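>>> Okay, here's the prediction I keep looking at, along with the sequence it came from:
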Amino acid sequence: MIEQLFKPKSIAVVGASSDTIKVGNILFRNITSSFSGKVYPVNNKSESIDGIAAYKNLKDIKEPVDLVVIAVPRDAVPGVMNDAGAINAGAAIIITSGFKETDQHGAELEEQIMSIAKAHKIRVLGPNTIGIITPEVNATFAFADVKKGRVAIVAQSGGLGVYMLNWAQQSNVGISYFISLGNQADVDETDSFQFLSSNVETRAIFSYIEGVSSGQKFLSTLPDITRRKPIIFLKGGMGKTGAAAVKTHTGSVAGSMDIFRAAVRTVGGIFVDNIEDMLNLAKIVLSAEPISEDILIVTNSGGHGVLTTDAIDREGLNEIELPESVKHDLLNVIPAQSTPRNPVDLSGDADYKRYNSALDIVKDLDCTKIVIVQSLPMVTCSDVARAIMNYRGKGVIGVTMGLDQNSASKLLDSVSIPAFIFPEDAVRSIKYMANRPNPIKKIRTIEPINQAKELVKGKNYIKDFEAMKLMEIYGIKTPAYAIAENAQDAKSRADDIGYPLVMKISPDTPVHKTDVKGVIMNVEKDMVESSFNELNYSRVIMQAQITGAEIFVGGINDPVFGPSIVVGIGGIYMEVIKSLSYGICPVSEDEAYQMIRESKILSMLTSRNRDYDINSTVRTISKISNMLIDLNIKEMDINPLIVNEKGAFAVDVRIIL
């Protein structure tokens, strides 16, 4: 049972050692120094470990054992697991490494271990883990002293996990739980999050993750968790998952990091770009200050105010306009040469009293107040920290810069007010928290339209004219088109479409037609026959030539999270520009709107007073996301989807089933 992993009443340490430099000794010492329950050392060569009588094997222990911690050579682990099953242990932590992460023999051993665990209903953390820390026990071979706090750390990397532990200790944050996942042969990141979600000691969860064990489990479980407490993710492994396909654009632009980021947004998590951002964000997550994307700056340095304003603009946050009544009151506080505006510049001669008076005037404004101090002979960082402390709970954040900045930060930390050394760090942390997405639970109901099912049945690729038909079945607009297999056929069909035309080769398998010079544009009536001959291909597709904004819409069946969609600015330079947004299918129209805004498509559709059809674009993206699920599409792209005043038109479509 997972409760016996996280809240054991008794622990056996198999591989406990008297040698102080061995993992088995460090584990045993950490456990015995932190755990009030029964601890049983198991070592087949020693009579006792650190003065406690040792057992030759688990079966010699005649009392109940909840948790078995294993630190023996890898080939001995299956035997230990069999013994754990024999004594009805509920959980095991396998510290030992050398399993599927190393070689084939290790992979086979891991499979054998898990077979034993399932047969005996033993929950397993690891293998290849440094262990766990709970409020009751330190069952790791990391440092013994751990400050208790409100942050849980879930890490796939032992090294990163220890770094985060050190940070929690040094920053005075402290931890509630530390879980080193290791190979996740059984207990995975989602299981850990689920346990922590109902744990009262944990206020927030910070996770370093390299891969998700089950994308569907992640997507279905985490929305309920993030509604209760924030989960902050840092991901390692920047490469693509699976081989990039060469026949669609999507395969070359949709990396595992992009899809993972979209999945985190979908479930309501917070994705950070680096360790520094993660550690800075903890200051805000653990504070009691209400955080808003609307920001007021109070400072004694005009230059610092300008840098902060730049950061606010860069991160897409809002600098508030001061109400007239507040401006009037500030005139009584700020120097005569200053103007009451945001940033509120208190001037270089500002002291504690001026800061306190200004904060008292703005304290009830509905915004985040970034209070910056550059220490000067007139005022210290600690002076301003004490002023800020008077307004705890009013959305205040301190930025202390100068000789006593660390002391000032400690003052603010002591009352859970976020404290930063640089304003840019403060602004970036506000962005993460203020833009925390609402969790969405994805319901994937497969409802393919019968006509579409018949069209794709038994096929690996969809021909371009079949793709046009598929678009029509799903209610997606296409330009008028026709297929021709000879010049005369082309001439007779072209009149029905109208001029000018685009004429393109129509191959059986997807290709990038512009790359093989397979596209001729601006074809008029007298050019149809010569254009057909110039293309020199057995089949040609002709389309009405339309103009508008060129958008890219792609789909991929991600190996972890399943059907996913990507949208961005399209055209022949799409892979160079890469202004893209990713979503987990199905995508609602609200989500599709956010995607076109994030990818800057919205700006393109509305620039220069254009009245291009935004609603049609949004509906098209949502419909394609459903199609990706319905038809089990491996990869597809529409490039371009041309949007103008009359709607969004799928012009060139490639699909791999």
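Perfect, thanks for sending it. Numbering: from 1, shown residues only.
>>> contacts, neighbours, all on C-alpha from now
OK.
>>> Tell me how many other residues surround residue 436.
17 (other Cα atoms under 10 Å).
>>> Help me confirm that it is found in a helix?
No - the assignment for residue 436, made by DSSP: H, G, I helix; E, B strand; the rest coil, is coil rather than a helix.
>>> I figured it was touching residue 267, is that so?
No - here residue 436 does not reach residue 267: they are 10.4 Å apart, not a contact under Cα atoms under 8 Å.
>>> which stretches of the stretch 251-400 of the chain form strands?
270-271, 294-299, 318-319, 344-345, 368-374, 396-401 (DSSP state E, counting those that start in this stretch).
>>> any chance of the ones you listed in a markdown table, with distance to residue 651, mean neighbour count and mean pLDDT too?
Listed next are the strands of the stretch 251-400 of the chain as a markdown table, based on distance: least, Cα to Cα, whole Å; neighbours: other Cα atoms under 10 Å; pLDDT from 0 to 100:
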| stretch | distance to residue 651 | mean neighbour count | mean pLDDT |
| --- | --- | --- | --- |
| strand 270-271 | 35 | 22 | 96 |
| strand 294-299 | 41 | 23 | 98 |
| strand 318-319 | 38 | 17 | 97 |
| strand 344-345 | 53 | 23 | 96 |
| strand 368-374 | 46 | 25 | 98 |
| strand 396-401 | 51 | 26 | 98 |
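>>> nearest to residue 18, of these?
In terms of Cα to Cα, the element of the strands of the stretch 251-400 of the chain nearest to residue 18 is strand 270-271, at 43.1 Å.
>>> and for that closest one, what are the contacting residues?
With contacts defined as Cα atoms under 8 Å, 6 or more residues apart in numbering, strand 270-271 is touched by 230, 231, 232, 233, 234, 261, 264, 265, 432, 433, 436, 437.
>>> Phi and psi next, for the third one.
The phi and psi values for residue 232, taken as degrees, to the nearest 10, are phi -110, psi 130.
>>> re the thing from before, among the strands of the stretch 251-400 of the chain, which comes closest to residue 634?
Nearest to residue 634, of all those, is strand 270-271, at 26.4 Å by Cα to Cα.
>>> Pairing partners for that closest one, with directions?
Partner strands and pairing direction for strand 270-271 (DSSP bridges) are strand 231-235 (parallel).
>>> Need the residues that contact the partner strand.
With contact meaning Cα under 8 Å, 6+ apart, strand 231-235 is reached by 204-211, 257, 264, 269-275, 278.
>>> try 7 Å this time
Defining contact as Cα atoms under 7 Å, 6 or more residues apart in numbering, one finds that strand 231-235 is touched by 204-210, 269-274.
>>> Check pLDDT for those and point me to the minimum.
The member of the contacts of strand 231-235 with the lowest pLDDT is residue 210, at 84.
>>> mind checking pLDDT for the closest residue to it other than its chain neighbours?
Distance criterion Cα to Cα, 6 or more residues apart in numbering; nearest residue to residue 210, sequence neighbours excluded, is residue 236 at 4.8 Å. Listed pLDDT for residue 236 reads 78.
>>> how close does the closest residue to residue 275 other than its chain neighbours sit to residue 328?
Closest residue to residue 275 apart from its sequence neighbours, by Cα to Cα, 6+ apart: residue 234 at 7.2 Å. Residue 234 sits at a distance of 45 Å from residue 328 (criterion: Cα to Cα, to the nearest Å).
>>> Between these two, which has more neighbouring residues?
The neighbour comparison of residue 234 against residue 328 (other Cα under 10 Å) goes to residue 234, with 19 against 12.
>>> on that earlier part again, among the contacts of strand 231-235, which one sits closest to residue 134?
residue 205 (13.6 Å).
>>> burial count for the closest one?
Residues lying near residue 205 (other Cα under 10 Å) number 27.
>>> Buried ones in stretch 458-465, by neighbour count?
Buried residues in stretch 458-465, counted by 16 or more other Cα atoms under 10 Å: 461, 462, 463, 464, 465.
>>> Sort out for me which of those are in strands.
Taking DSSP state E as the definition of strands, these contribute 461, 462.
>>> got a markdown table for the buried residues of stretch 458-465, with distance to residue 158 and pLDDT too?
Shown next, in a markdown table, are the buried residues of stretch 458-465 (distance: Cα to Cα, whole Å; pLDDT from 0 to 100):
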| residue | distance to residue 158 | pLDDT |
| --- | --- | --- |
| 461 | 44 | 90 |
| 462 | 46 | 91 |
| 463 | 49 | 92 |
| 464 | 50 | 91 |
| 465 | 53 | 92 |
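>>> farthest pair in the buried residues of stretch 458-465?
When Cα to Cα is used, the two most widely separated members of those are 461 and 465, lying 11.7 Å apart.
>>> show me where pLDDT drops low in this protein?
Applying pLDDT under 70 to the chain flags the ranges 237-255, 572-576.
>>> mind redoing it with 80?
Residue ranges of the chain with pLDDT under 80: 1, 144, 169-172, 236-256, 512, 571-578.
>>> Which residue ranges of the stretch 551-657 of the chain form strands?
562-569, 580-584, 635-644, 647-650, 653-656.
>>> Just the strands from the stretch 101-250 of the chain, written as ranges.
123-125, 131-133, 138-140, 148-155, 175-180, 204-209, 231-235.
>>> who wins for proximity to residue 441 among those strands?
Ranking these by distance to residue 441, with Cα to Cα as the measure, places strand 231-235 first at 15.8 Å.
>>> Could I get the full set of helices for the stretch 51-200 of the chain?
Applying DSSP state H, counting those that start in this stretch to the stretch 51-200 of the chain gives helices spanning 77-86, 104-120, 158-170, 189-197.
>>> Kindly apply the preceding question to the stretch 401-550 of the chain instead.
Going by DSSP H, counting those that start in this stretch, the stretch 401-550 of the chain shows helices at 405-414, 423-434, 450-456, 464-473, 487-497, 528-535.
>>> okay, now the residue nearest to residue 210: neighbour count?
Residue 236, neighbours per other Cα under 10 Å, totals 15.
>>> related to what we said a few turns ago, determine which of the strands of the stretch 551-657 of the chain approaches residue 322 most closely.
strand 580-584 (34.5 Å).
>>> What pairs with the closest one, parallel or antiparallel?
Sheet pairing for strand 580-584, using DSSP bridges, gives strand 562-569 (antiparallel).
>>> can you give me the angle the partner strand makes with strand 635-644?
Per axes from the mean of the first three to the mean of the last three Cα atoms, to 10 degrees, the angle that strand 562-569 makes with strand 635-644 is 30 degrees.
>>> rewinding a little: tabulate the strands of the stretch 551-657 of the chain (a markdown table), appending distance to residue 44.
Formatted as a markdown table, the strands of the stretch 551-657 of the chain follow (distance: least, Cα to Cα, whole Å):
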| stretch | distance to residue 44 |
| --- | --- |
| strand 562-569 | 48 |
| strand 580-584 | 52 |
| strand 635-644 | 56 |
| strand 647-650 | 71 |
| strand 653-656 | 59 |
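>>> okay but residue 147 is in contact with residue 176, surely?
No - between residue 147 and residue 176 there is no contact under Cα atoms under 7 Å: 8.7 Å.
>>> neighbour-wise, which of these two wins?
A direct count of neighbours by other Cα under 10 Å for residue 147 and residue 176 places residue 176 higher, at 25 against 16.
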